[in-house]
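> What follows is a protein structure lacking sequence information:
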């Protein structure tokens, strides 16, 4: 199974590998086949959609990654010591994107 997540989260016990991707590599990954979005906030889903150029619906669901599963992670990467963003702080995610504080990675469950 393939997912789009907003954080690199260990969903079940196992071995995982996480690597950073460029925007072009992420766009290639989403074009390689079906995926399930698990973006829990509308603005985060819209931000991922803007970056990836494909539909990324809001879909607040829990997943359990199995060996062989992959997840494209589109997450906010604020500098250490920065306050967390309040999900109700509308419009702030666009500012984060403009400041290039977004990390894109691929999380793979290997075993």
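Structure's in. What do you need? Owing to the predicted nature of the structure, the values given are computational and were not obtained by experimental measurement.
> rest of the way, CA atoms for contacts and neighbours
OK.
> The lengthiest helix in the chain - contacts with which helices or strands?
What stands out as the longest helix in the chain, according to DSSP state H, is helix 42-52. Counting contacts by 3 or more Cα pairs under 8 Å, 6 or more residues apart in numbering; DSSP states H and E, helix 42-52 is packed against helix 23-31, helix 92-98.
> where does this protein dip in pLDDT?
Within the chain, the stretches with pLDDT under 70 are 79, 82-100.
> can you give me the strands in this protein?
Secondary structure of the chain by DSSP state E: the strands cover 2-5, 16-20, 36-37, 70-76, 102-109.
> Show residues contacting the third one.
When contacts are defined by Cα atoms under 8 Å, 6 or more residues apart in numbering, strand 36-37 is touched by residues 2-5, 56-59.
> picking up where we left off before, which among the strands of the chain is found nearest to residue 50?
Among these, strand 70-76 comes nearest to residue 50, with 11.2 Å by Cα to Cα.
> Direction included, what does the closest one pair against?
Within its sheet, and counting by DSSP bridges, strand 70-76 is paired with strand 2-5 (parallel), strand 102-109 (antiparallel).
> got TSV for those strands, with mean neighbour count and distance to residue 77 too?
Converted to TSV, the strands paired with strand 70-76 look like this (neighbours: other Cα atoms under 10 Å; distance: least, Cα to Cα, whole Å):
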stretch	mean neighbour count	distance to residue 77
strand 2-5	22	14
strand 102-109	21	5
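> will you turn those strands into TSV that also has distance to residue 42?
Output for the strands paired with strand 70-76, formatted as TSV (distance: least, Cα to Cα, whole Å):
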stretch	distance to residue 42
strand 2-5	13
strand 102-109	16
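> Surely residue 40 is in contact with residue 58?
Yes - the pair residue 40 / residue 58 is scored as a contact, 5.7 Å apart, by Cα atoms under 8 Å.
> Can you list the buried residues in stretch 26-43?
26-27, 29-30, 35-40, 43 (16 or more other Cα atoms under 10 Å).
> what's the farthest-apart pair in the residues you listed?
29 and 43 (21.6 Å).
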